[in-house]
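**Q** What would the 3D arrangement of this be:
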Amino acid sequence: MYFNEHDPNAAQWIRELFPSAVVDGRDIQDVVGRDLAGHTRAHFFAGIAGWVYALRLAGVPDDFPVWTGSCPCQPFSVAGKGGGVGDPRHLWPDFFRLIQESGP
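**A** Model prediction:
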């Protein structure tokens, strides 16, 4: 299992929960498709690994291939600064690039 989470505290939490997983602490902008080779399950913007728990609650087997990603919403939130696509936290294009490169 592969996790991408740039927050050091959250990444350490995931390492403790899933010691056999690959936890990539880089910014998603630095991840390229070849970094994901061999991983059929990948979680981006992983936070505290909530998607793994949600998938288990839904009865999805741990070996079922799936990618999850919860891109930051601040660029588009009414509570944010309204930067939209010009906001550097608009990371959907980077996630989409990885999807195109890797073809999960």
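
**Q** Specify the beta-bridge partners of the most centrally placed residue in the chain.
**A** The residue lying closest to the centre of the chain (CA atoms, centre = their mean) is Phe44, at 0.4 Å. Applying DSSP bridges to Phe44 gives these bridge partners: Asn4, Gly69.

**Q** thinking it is in contact with Phe96, fair?
**A** No: under the criterion of CB atoms under 8 Å, Phe44 is not in contact with Phe96, lying 10.9 Å apart. C-beta coordinates here come from the backbone N, C-alpha and C atoms, glycine included.

**Q** how about the strands in the chain?
**A** Along the chain, counting by DSSP state E, strands occupy 2-4, 22-24, 41-44, 66-69.

**Q** just checking, what packs against the first one?
**A** For strand 2-4, the helices and strands in contact under the criterion 3 or more CB pairs under 8 Å, 6 or more residues apart in numbering; DSSP states H and E are strand 22-24, strand 41-44.

**Q** List the contacts of it.
**A** With contacts defined as CB atoms under 8 Å, 6 or more residues apart in numbering, strand 2-4 is touched by 11, 14, 18, 21-24, 26, 28, 31, 36, 39, 41-46, 49.

**Q** Equivalent analysis for the second one, please.
**A** The contact list for strand 22-24 (CB under 8 Å, 6+ apart) reads 1-5, 11, 14-15, 31, 35, 39, 46.

**Q** and those residues, which are buried?
**A** 1-5, 11, 14, 31, 35, 39, 46 (16 or more other CB atoms under 10 Å).

**Q** ok, those residues vs Val60, which is closest?
**A** Distance to Val60, by CB to CB, is smallest for Met1 among the buried ones among the contacts of strand 22-24, at 12.8 Å.

**Q** Please list all residues in contact with that closest one.
**A** Applying CB under 8 Å, 6+ apart, the residues near Met1 are 18, 20-22, 39, 41-43, 52.

**Q** still on that earlier bit, take the strands of the chain and lay them out in TSV including distance to Gly83.
**A** TSV is the format used below for the strands of the chain (distance: least, CB to CB, whole Å):
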stretch	distance to Gly83
strand 2-4	22
strand 22-24	26
strand 41-44	21
strand 66-69	20
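
**Q** and those strands as CSV, adding mean pLDDT?
**A** Below are those laid out as CSV (pLDDT from 0 to 100):
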stretch, mean pLDDT
strand 2-4, 97
strand 22-24, 98
strand 41-44, 97
strand 66-69, 95
